[in-house]
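>>> what follows is a predicted protein model with its sequence.
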Amino acid sequence: MLNKLTINLGLGLLLLLQVQCVGASRQQNESPDQSDNVAKELKTGADQTQAYLSYLKGKRVGVVVNQTSIIGATALVDRLVALGVNIKYIFGPEHGFRGTASNGDKVSDSVDPKTGIPAISLYGKLKKPTKEQMASIDLMIFDIQDVGARFYTYINTLGHVMEACAENQKELLIFDRPNPNGFLVDGPILEDHLHSGIGMYKIPISHGLTMGELAQMINGEGWLPNRLQCKLKIIKVENYTHESAYELPILPSPNLNTQQSVMLYPHICWFEGTIISQGRGTYMPFTILGAPLLKGKYDFAFTPVSIKGMSESPLHMNELCYGLDLRNFDMTEIRKSGKIHLGWLMEMYRNYPVKDKFFDKSQSRQMGDFDKLAGTENLRKQVIAGLSEAEIRQSWEPGLSQYKALRKKYLLYP
């Protein structure tokens with residue numbers, strides 16, 4: 001008995017010393033500012049009910065929300081209704097109000113079974129609320145988690161809702177949330193002739209803004225039709241900086257189903273304009289890359305299949321694809337460099353045996369062509385021509401530097 005007790009006490013002491021050593025090492029490696037950020041609790045705009053509940057009292061409210069719109073662990077709509085807020089309409093973006101529709105699927109209008117409130121899709125026949133719907137509200141709330149990439153369609157929803165509010169002289173109240181890729185400002189600036197549903201604004205691929213900051217830029221740069229101005233009120237995130245590491249409490253869409261996929265998204269979404277699968281049709285989307293004709297080039301393999309609610313007819317369905325497994329790729333170097341990873345695109349093109357099919361959108365059942373995703377025709381041509389990464393990056397100037405200077409005007413956070 002004494003020996004067992006001695007062993008247990010010894011193990012306990014060893015564990016305590018290990019914990020103390022880890023803690024001491026962490027403190028030594030962190031700057032004072034980083035330690036302060038860890039200690040302070042980050043609070044989203046929605047979480048700060050004391051900042052807006054009295055403002056909503058007596059108002060008829062519309063809400064633009066999805067499954068990421070939460071107060072604590074409770075759906076925003078459910079919590080606001082319980083707090084007595086008069087919600088007249090729920091408006092949902094791509095993937096729907098509950099976030100369950102597949103990418104690109106049109107979403108129908110419905111009635112929310114839990115609250116009985118009409119739920120209107122802004123990713124079907126409507127892109128923005130109608131004049132009649134706007135007449136039924138006094139104020140619109142926007143609360144959707146973004147991931148910081150130009151081709152992620154929730155920022156388009158923001159712009160369309162701002163337009164409707166401006167046209168109907170209604171205020172837009174934004175509950176701001178952190179941008180998990182807020183440290184990353186990089187990529188070519190969208191060219192005017194490539195304006196599309198996956199690129200509405202003259203910003204780089206990774207824009208480095210929160211939704212509140214982007215709304216200020218849309219207003220300030222006159223990007224709404226006829227240079228309309230939307231009246232904005234923004235509930236800022238407490239204790240957030242653009243360097244803050246932010247783990248999303250609820251993932252934003254069916255195919256961004258891990259934190260790693262969220263962080264990789266700005267770096268590999270443009271593969272949707274190529275013959276390369278990004279893992280749609282698997283439970284690892286946006287963390288793997290591959291194609292059948294890369295057999296012999298890579299050992300890692302996967303087979304896309306139809307998965308309801310994620311991807312019903314993925315590229316290379318039921319075919320064995322060979323390529324890269326990025327699930328454990330260390331994002332530390334990207335965070336340090338502040339640059340989009342170009343190497344995977346250049347490598348995959350070099351290795352693909354049928355070069356004229358790589359960027360051929362007729363070969364792909366994916367969301368869009370490469371030029372629209374990249375925001376420029378030059379990147380495709382540069383990869384084909386074999387230009388170096390330095391040469392490609394140089395072509396993004398002076399537009400990227402000009403954008404970085406412009407961005408500073410609209411920042412709400414350091």
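Yep, it's here.
>>> which residue ranges of the stretch 151-300 of the chain form strands?
171-175, 232-235, 288-291, 300-302 (DSSP state E, counting those that start in this stretch).
>>> care to break the chain down by domain?
Split into domains by automatic domain parsing, the chain comes to 49-235, 259-376.
>>> can you list the ones you listed in CSV and add mean pLDDT?
Below are the domains of the chain laid out as CSV (pLDDT from 0 to 100):
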stretch, mean pLDDT
domain 49-235, 93
domain 259-376, 94
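>>> identify whichever of those lies nearest to residue 394.
The minimum distance between residue 394 and those falls on domain 49-235, with 11.3 Å, by C-beta to C-beta. Quick note: C-beta positions are derived from backbone N, CA and C, even for glycine.
>>> measure that closest one end to end?
10 Å (C-alpha to C-alpha, to the nearest Å).
>>> what's the answer for stretch 389-399, then?
17 Å.
>>> what does stretch 298-309 give?
29 Å.
>>> now it, how far from the chain's geometric center?
23 Å (C-alpha atoms, centre = their mean, to the nearest Å).
>>> near residue 322, how many other residues are there?
Neighbour count for residue 322, taken as other C-beta atoms under 10 Å: 19.
>>> now do residue 68 against residue 230, distance only.
22 Å (C-beta to C-beta, to the nearest Å).
>>> swap in residue 181?
Counting by C-beta to C-beta, the gap from residue 181 to residue 230 is 25 Å.
>>> okay, the two: which has more neighbours?
Shown here are residue 181 and residue 230; by other C-beta under 10 Å, residue 181 has more neighbours (28 against 23).
>>> quickly note the distance from that one to residue 158.
Taken as C-beta to C-beta, the span from residue 181 to residue 158 is 16 Å.
>>> ditto for residue 199
14 Å.
>>> also residue 260?
25 Å.
>>> neighbour-wise, which of the two wins?
Taking neighbours as other C-beta under 10 Å, residue 260 and residue 158 compare with residue 158 leading, 24 against 17.
>>> so what are the sheet partners of the strand or helix carrying residue 119 and their directions?
Applying DSSP states H and E as the criterion places residue 119 in strand 118-121. Strands that pair with strand 118-121, judged by DSSP bridges, come out as strand 86-92 (parallel), strand 110-111 (antiparallel).
>>> so what's the gap between the last one and the chain middle?
Strand 110-111 has its C-alpha centroid displaced from the chain centroid by 26 Å (C-alpha atoms, centre = their mean).
>>> need the phi and psi values for the residue most central in space within the chain.
Most central in the chain under C-alpha atoms, centre = their mean is residue 147, positioned 1.9 Å from the mean C-alpha point. Main-chain torsions, residue 147, degrees, to the nearest 10: phi -120, psi 0.
>>> ok, residue 384 next?
phi -60, psi -40.
>>> what sits against it?
349, 355, 359 (C-beta atoms under 8 Å, 6 or more residues apart in numbering).
>>> how near is the second one to residue 229?
In this structure, residue 355 and residue 229 are 48 Å apart, going by C-beta to C-beta.
>>> before we move on, what about the first one?
The spacing between residue 349 and residue 229, counted by C-beta to C-beta, is 44 Å.
>>> please compare those two by neighbour count and tell me which comes out ahead.
The neighbour comparison of residue 349 against residue 229 (other C-beta under 10 Å) goes to residue 349, with 18 against 13.
>>> all helices for the stretch 201-350 of the chain, in order.
In the stretch 201-350 of the chain, the segments counted as helices under DSSP state H, counting those that start in this stretch are 211-220, 259-268, 332-337, 343-351.
>>> does the closest residue to residue 231 other than its chain neighbours have beta-bridge partners, and which?
Distances taken as C-beta to C-beta, 6 or more residues apart in numbering put residue 171 closest to residue 231, at 4.5 Å, once the chain neighbours are dropped. Counting by DSSP bridges, residue 171 forms beta bridges with residue 139.
>>> now the one 4 residues further on
Counting by DSSP bridges, residue 175 forms beta bridges with residue 235.
>>> please apply the same query to residue 295.
Beta-bridge partners of residue 295, as defined by DSSP bridges: residue 298.
>>> pretty sure it is touching residue 323, no?
No. Here residue 295 lies out of contact with residue 323, judged by C-beta atoms under 8 Å, at a distance of 9.9 Å.
>>> list the buried residues for stretch 322-341?
For stretch 322-341, the neighbour count (16 or more other C-beta atoms under 10 Å) marks 322, 323, 324, 325, 326, 329, 331, 334, 339, 340, 341 as buried.
>>> show me what contacts the closest residue in space to the last one that isn't next to it in sequence?
The reference is to residue 341. Using C-beta to C-beta, 6+ apart and skipping residues adjacent in sequence, the residue nearest residue 341 is residue 267, 4.4 Å away. Counting by C-beta under 8 Å, 6+ apart, residue 267 touches 334, 340, 341, 344.
>>> try 10 Å this time
By C-beta atoms under 10 Å, 6 or more residues apart in numbering, residue 267 lies in contact with 149, 181, 184, 186-187, 205-206, 286, 326, 329, 331, 334, 339-345.
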